[in-house]
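**Q** With the input below, show me the fold.
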Amino acid sequence: MVADHRPARATQLAKLCQLRRPACRPERTAWRGVRGAAGPPGKHSPLSSATAGRRQHRFRDVLVATEVALSVVLLVAAGLLVRSLSRLYDVQPGMRIDHTITMVTAVDGPAYQEAARRATVLTQLSDRVPRVPGVLSAGISSCTPMTGNCNTLFYYVEGRPYIPGKFLAAQERSVAPGFFAASGIPLLRGRTFTEADGVGFDEAHPRLGSIVISESMAKTVFPNEDPIGKQIYFDFQRQREQNDATPTPRYQIIGIVGDVLAALEDPISPALYRPVLDGGGGAVTILLHTQVDPETVMASVRREIHEVDPNLAVFQVRTMDQLLDRSTADRRFNMLLFLAFAALALLLAAIGLYGVVSYAVAQRTTEIGIRMALGATPGDVSRLILMQGLKPALIGLGVGLTGAFLASRILQSLLFGVTPTDPITFVVVPLLLLAVAALACYLPALRAMRLDPTAALRAD
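**A** As a prediction, the model looks like this:
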């Protein structure tokens, strides 16, 4: 047989009524309500007070929903930027990163007006720097890796119709023979440079030059041909020939190497490499691949450079890891900024929700006591409080997701490898916010569950 708890509850309710007689006398309470409604001027009636209370309750719910919606928008933006940066770090740049360091030195000025003098210094640097203990290989380049496109040259393919202005374009780097080994760029076909490659220093009688092209250039320019042995010439040299009759050098393709990104976020684009002795004056980058910590060999490398020419200054010394960090600095700053604002908005929403629910529990203490006296379980009370708190949170979540869906289009230029409607972000953010909202509501609900009905009624 099932025990009948109604007599016990009736007894408990009777005891509570002895403590709270007015609450158990509906006719008396109703009379006081009527009398209060017709009370003296200037006094608020119970009806008007209830109406004002409902308005305040709605206003608090609107504030909480607004805070939650703003949190969702900022969290989605921050999540998209975090995902973008993660995808960016997964990109393979096409060259070696570990145990690699770069430095810049300026081989220019009055002492290097003659191309032969400059070529002598660059050759000596290429010979002496790799001999430093701890250095496995070294190379010279006209550009520092991972810093963006440094030069673009327009060219024509020998044997194809020459149409002025209808040229092809490729990123250009002038490099020394040891550059490919030091940078870890793989040779796919043919060969790389030797000291004998170059057009020479007699502009009136140039030799046949040599170039190495990237895999993407080979596929783009020579899709159904073997590029090895093909010749190209540059538009700027063709223009010079038309102006002062200086012969235009031809460059023969001698090898194909792997593609290298100019920067992590840049797409793969055609590139070509010329011998560094064929390049103009200016600063060059020395790239070292070391067996030990790259920074430990810098003192010896500086000495070798100064022995070649004491006037050569060495600056912008950075490891490849540092160059990668610099290339992602802007994206990392944007991500941290949005994360900070999103965390602040989430904290304010959680505090606001906790405050609203705690206030509601304090206002409904008597009601909760009566409910528990009439048989409501702690679980029933917990669900009542949680639903009251989660309702504005769910409304704010819906509004926030709609706003985030629209606002994410504005961030499209800051994204990499993810779409503005990235499903992972739009699933994780609502779950995170619901967890925080549930925690903010659960703490006041826990306090309500532990209320003693007798003490709750006596405290009113």
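**Q** Spell out, range by range, the strands that occur in the stretch 1-150 of the chain.
**A** 100-107, 135-141 (DSSP state E, counting those that start in this stretch).
**Q** Include distance to Gln171, mean pLDDT and mean neighbour count when you put those strands into CSV, please.
**A** C-beta: built from backbone N, CA, C; applies to glycine. Below are the strands of the stretch 1-150 of the chain laid out as CSV (distance: least, C-beta to C-beta, whole Å; pLDDT from 0 to 100; neighbours: other C-beta atoms under 10 Å):
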stretch, distance to Gln171, mean pLDDT, mean neighbour count
strand 100-107, 18, 92, 20
strand 135-141, 12, 93, 21
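**Q** Pipe those strands into TSV and attach distance to Glu114 per row.
**A** Putting the strands of the stretch 1-150 of the chain into TSV (distance: least, C-beta to C-beta, whole Å) gives the following:
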stretch	distance to Glu114
strand 100-107	12
strand 135-141	18
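**Q** of these, which approaches Ala343 most closely?
**A** Nearest to Ala343 among these is strand 100-107; the distance by C-beta to C-beta comes to 36.0 Å.
**Q** What's the local residue count around Ile351?
**A** For Ile351, the neighbour count with other C-beta atoms under 10 Å is 12.
**Q** In space, what's closest to it - neighbours in sequence excluded?
**A** Using C-beta to C-beta, 6 or more residues apart in numbering and skipping residues adjacent in sequence, the residue nearest Ile351 is Ala440, 7.7 Å away.
**Q** which of the residues in the host helix or strand of that neighbour are buried?
**A** Per DSSP states H and E, Ala440 falls inside helix 423-449. Judged by neighbour count (16 or more other C-beta atoms under 10 Å), helix 423-449 contains these buried residues: 425-426, 429-430, 433, 436-437, 440-442, 444-445, 448-449.
**Q** Point to the helix or strand of the chain where mean pLDDT is at its lowest.
**A** Sorting the helices and strands of the chain by mean pLDDT, DSSP states H and E puts helix 26-37 at the bottom, at a mean of 38.
**Q** The top helix by length along the chain packs against which elements?
**A** For the chain, the helix with the greatest residue count under DSSP state H is helix 46-89. Applying 3 or more C-beta pairs under 8 Å, 6 or more residues apart in numbering; DSSP states H and E, one finds that helix 46-89 makes contact with helix 26-37, helix 329-363, helix 378-407, helix 423-449.
**Q** sorry, back to before: test my guess that the residue nearest to Ile351 contacts Ser358.
**A** No. Using C-beta atoms under 8 Å, Ala440 is not in contact with Ser358, being 9.4 Å away.
**Q** Report how many residues lie close to Ala299.
**A** Residues contacting Ala299 under the criterion other C-beta under 10 Å number 9.
**Q** and the gap between it and Thr105?
**A** Plainly put, Ala299 is 15 Å away from Thr105 if you go by C-beta to C-beta, to the nearest Å.
**Q** Residue nearest the middle of this protein, spatially speaking?
**A** Nearest residue to the geometric centre of the chain (C-alpha atoms, centre = their mean): Leu85, 3.1 Å.
**Q** so what's that one up against?
**A** Going by C-beta atoms under 8 Å, 6 or more residues apart in numbering, Leu85 touches Thr328, Arg331, Arg332, Met335, Phe416.
**Q** Can I get these in a markdown table including distance to Gln237 and pLDDT?
**A** Output for the contacts of Leu85, formatted as a markdown table (distance: C-beta to C-beta, whole Å; pLDDT from 0 to 100):
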| residue | distance to Gln237 | pLDDT |
| --- | --- | --- |
| Thr328 | 37 | 88 |
| Arg331 | 39 | 90 |
| Arg332 | 42 | 92 |
| Met335 | 45 | 93 |
| Phe416 | 37 | 90 |
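**Q** which of those residues tops the neighbour count?
**A** Counting neighbours by other C-beta under 10 Å, the top entry in these is Met335, with 22 neighbours.
**Q** residue ranges with poor pLDDT in the stretch 201-350 of the chain?
**A** Filtered on pLDDT under 70, the stretch 201-350 of the chain yields the residue ranges 201.
**Q** let's see it at 80
**A** 201-204, 279-282 (pLDDT under 80).
**Q** For it, which segments count as strands?
**A** 209-214, 231-234, 251-257, 271-275, 282-290, 314-319.
**Q** Run through the neighbouring helices and strands of the longest one.
**A** Meaning strand 282-290. Secondary elements touching strand 282-290 (3+ C-beta pairs under 8 Å, 6+ apart): strand 100-107, strand 135-141, helix 179-183, helix 298-308.
**Q** Packing partners of the third one?
**A** Under the contact criterion of 3+ C-beta pairs under 8 Å, 6+ apart, helix 179-183 touches strand 135-141, strand 282-290.
**Q** Tell me the neighbouring strands of the very next helix or strand once past the first one, and mark each as parallel or antiparallel.
**A** Put plainly, it is strand 135-141. Downstream of strand 135-141, the next assigned helix or strand under DSSP H and E is strand 152-157. Counting by DSSP bridges, the strands paired with strand 152-157 are strand 168-175 (antiparallel), strand 231-234 (antiparallel).
**Q** can you state the direction angle for the first one and strand 271-275?
**A** An angle of 40 degrees separates the directions of strand 168-175 and strand 271-275 when computed by axes from the mean of the first three to the mean of the last three C-alpha atoms, to 10 degrees.
**Q** which residues sit against strand 168-175?
**A** 139-143, 149-157, 193, 213-214, 217, 221, 262, 269-276, 278-279.
**Q** Please name the bridge partners of Val284.
**A** Taking DSSP bridges as the rule, Val284 bridges to Thr105.
**Q** got a list of what Thr152 touches?
**A** Each residue near Thr152 by C-beta under 8 Å, 6+ apart is listed here: Ala169, Ala170, Gln171, Glu172.
**Q** Need the per-residue pLDDT for it.
**A** pLDDT, Thr152: 90.
**Q** Kindly state the beta-bridge partners for it.
**A** Per DSSP bridges, the residues bridged to Thr152 are Gln171.
**Q** mind starting the numbering at 23 from now?
**A** Yep, numbering from 23; the last one is Thr174 now.
**Q** what's the nearest residue to Ser93 if we skip its chain neighbours?
**A** Ala367 (4.2 Å).
**Q** Quick check: that neighbour touching Leu92?
**A** Yes. Counting by C-beta under 8 Å, Leu92 is a contact partner of Ala367 at 5.2 Å.
**Q** if we can go back for a sec, need the strands of the stretch 223-372 of the chain in JSON lines (columns: mean neighbour count and distance to His121).
**A** Converted to JSON lines, those look like this (neighbours: other C-beta atoms under 10 Å; distance: least, C-beta to C-beta, whole Å):
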{"stretch": "strand 231-236", "mean neighbour count": "24", "distance to His121": "24"}
{"stretch": "strand 253-256", "mean neighbour count": "20", "distance to His121": "35"}
{"stretch": "strand 273-279", "mean neighbour count": "22", "distance to His121": "20"}
{"stretch": "strand 293-297", "mean neighbour count": "23", "distance to His121": "23"}
{"stretch": "strand 304-312", "mean neighbour count": "22", "distance to His121": "5"}
{"stretch": "strand 336-341", "mean neighbour count": "15", "distance to His121": "9"}
